[in-house]
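In: Sequence and predicted structure, then a few things I'm wondering about:
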Amino acid sequence: MTIDLAVIGGSGLYNFPGLENTSRHSVDTPFGTASGDVVVGEFAGRRVAFLARHGESHTVPPHRVNYRANLWALHSLGARRVIGVNAVGGIRADMGPRVIVVPDQVIDYTHGRYTSFCDVEGAEVRHIDFSEPYTEALRRELIDAASAAGVSVIDGGCYGATQGPRLETRAEIVRMKRDGCDLVGMTGMPEAVLARELDLEYACLALVANFAAGCGDEAEISIEEIFAHLAAATAEVPRILGVLLKR
Ligand code: HPA
């Protein structure tokens, strides 16, 4: 099967609006089961595969997502280009709620997750280059498509991946800012590195749902507000991807 683009939907994106003539694929992988069925259909005249990272009813928390099975499933269905849509908190002042960012760097603070496909006993160990964690050509396509669709996005930024599912303390965010993080989210890793191991093209569309702890005016972060902002930013995703696919 030829898949023009695969999309992994994060919090707030549990199905792909406008996907037509769909079929569902439950894929068995050597790494267990994916977060759910992969839904393959047509969008903007192209074949798109969609997978809800947290499951279609948001039942899989960030630290329990089977990232390996998800990417394996998409790859085995024929996907070669993957966009990860991720809800994030904004650390940088210009990355407030509803802003969309296409990050270009990652710092991984997660732990206890399977971060490689090469941990089967006896398998050859492969050390991959990860200097640039996202595929630059796909990043550019996303940024150009957003511009053509009239959706403003920020080009570049460092995504700090935390363990979750709790949000961070203010001190943790101060440390992350010092480290050079512009955004904080719970699912950007190991997804990006596993995509690289499978030689998939991969880029991230980060949707800012809130200012990270201590970065906004509020003393506490409201989960209701997070989801309201996410819904607004998520509505722009099909517009961007529609242009990307038609090019
Ligand atoms: N921290 C981590 N992940 C997130 C946040 C946050 O503030 N907002 C949305 N996802």
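Out: Arrived safely, thanks for sending. Numbers count the residues shown, from 1 in each chain.

In: Give the bridge partners for the residue nearest the centre of the chain, please.
Out: The centroid of the chain falls nearest to Gly84 when counting by CA atoms, centre = their mean (2.9 Å). Beta-bridge pairing of Gly84 under DSSP bridges involves Ile8, Cys204.

In: got a list of what it touches?
Out: Contacts here follow CB atoms under 8 Å, 6 or more residues apart in numbering; on that basis Gly84 touches 8, 10, 53, 187-188, 191-192, 195, 202-205. Glycine gets a C-beta too; all of them are placed from N, C-alpha and C.

In: got it, and Ser116?
Out: By CB under 8 Å, 6+ apart, the contact list for Ser116 reads 190, 193-194, 197.

In: Using a markdown table, please lay out the residues you listed together with secondary structure.
Out: Below are the contacts of Ser116 laid out as a markdown table (DSSP: H, G, I helix; E, B strand; the rest coil):
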| residue | secondary structure |
| --- | --- |
| Pro190 | coil |
| Val193 | helix |
| Leu194 | helix |
| Glu197 | helix |
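
In: what's the residue lying farthest from the centre of the chain in contact with, if anything?
Out: Going by CA atoms, centre = their mean, the residue of the chain most distant from its centre is Gly122, 31.1 Å out. By CB under 8 Å, 6+ apart, the contact list for Gly122 is empty.

In: does it sit in a helix, a strand or a coil?
Out: Under three-state DSSP, the three-state class of Gly122 is coil.

In: pLDDT at it, what is it?
Out: Reported pLDDT at Gly122 in the predicted model: 82.

In: any idea how far it is from Asp199?
Out: Counting by CB to CB, to the nearest Å, the gap from Gly122 to Asp199 is 22 Å.

In: Contact residues of this structure facing the ligand?
Out: Those residues of the chain that sit near the ligand, judged by CB under 6 Å from any ligand atom, are 87-89, 162, 167-168, 184-186, 209-210, 212, 226.
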